[in-house]
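A.B. asks: all I have is the shape, not the residue letters:
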């Protein structure tokens, strides 16, 4: 069976970046979900294109410097072309192997800017954490743009998964039972846990033991 494809394509505008583009490409390729990295050489006079291609990126070239916005547009168009070719190849494969995977939707686009990354890494540490505030520079730059209660809140969390409802699904319940058995067999838990009823909990619940059992068992 062919591995499932990723759902993210990275576009990197670059000009005269031969000395660092390989590292950027490899870092981008290692991001979760990324299976396409496109470098748009925006009129470089060095070996940016060759180095990027050698690092595994798809490379598009502008014969002259057209600016970052144009490079981003070229990169997005390149992703569409790559996807079209992949779909055509998948269609041919499906004719030969009808049980093959179904075509997925378009990828999300992630645009990376090496100049911005270099700037952020060059900042002093107290621009990143100051007076107990993380992301200090970002928060400060958003003052007057975002409401203060949003820019300076401390209890921010991402979108939480509906873990409590998941834990009531028969498949997840069986995973939890299997995790308990594995942890008992490994000597991490006592046999008494096998008799306990599963307690569905929200993500941040203090007594959310069953979900943790499942995660730990996966790491064994």
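C.D. replies: Arrived safely, thanks for sending. Quantities reported herein were computed from a predicted structural model and do not represent experimental measurements.

A.B. asks: pull the helix or strand with minimum mean pLDDT from the protein.
C.D. replies: Using mean pLDDT, DSSP states H and E, the weakest-scoring helix or strand in the chain turns out to be helix 114-122, at a mean of 71.

A.B. asks: beyond that helix, next helix or strand please.
C.D. replies: Per DSSP states H and E, the first helix or strand lying C-terminal to helix 114-122 is strand 129-130.

A.B. asks: and the following helix or strand past that following strand, which strands flank it?
C.D. replies: Counting by DSSP H and E, the element after strand 129-130 in chain order, helix or strand, is strand 133-134. For strand 133-134, the paired strands and their directions (DSSP bridges) read strand 129-130 (antiparallel).

A.B. asks: run through the neighbouring helices and strands of the strand ranked longest in the chain.
C.D. replies: Longest strand in the chain by number of residues (criterion: DSSP state E): strand 34-42. Counting contacts by 3 or more Cβ pairs under 8 Å, 6 or more residues apart in numbering; DSSP states H and E, strand 34-42 is packed against strand 8-14, helix 21-29, helix 48-54, strand 58-62, helix 68-96. Heads up, the C-betas are built off the backbone N, CA and C, glycines and all.

A.B. asks: make it 10 Å
C.D. replies: Applying 3 or more Cβ pairs under 10 Å, 6 or more residues apart in numbering; DSSP states H and E, one finds that strand 34-42 makes contact with strand 8-14, helix 21-29, helix 48-54, strand 58-62, helix 68-96, strand 108-111.

A.B. asks: just those: most buried one?
C.D. replies: strand 8-14 (a mean of 25; mean count of other Cβ atoms under 10 Å).

A.B. asks: can you tell me the closest non-neighbouring residue to residue 64?
C.D. replies: residue 43 (4.6 Å; Cβ to Cβ, 6 or more residues apart in numbering).

A.B. asks: next, count neighbours for that neighbour.
C.D. replies: 16 (other Cβ atoms under 10 Å).

A.B. asks: residues in contact with it?
C.D. replies: Each residue near residue 43 by Cβ atoms under 10 Å, 6 or more residues apart in numbering is listed here: 15-16, 61-67, 71.

A.B. asks: do that again at 6 Å, thanks
C.D. replies: 62, 64-65 (Cβ atoms under 6 Å, 6 or more residues apart in numbering).
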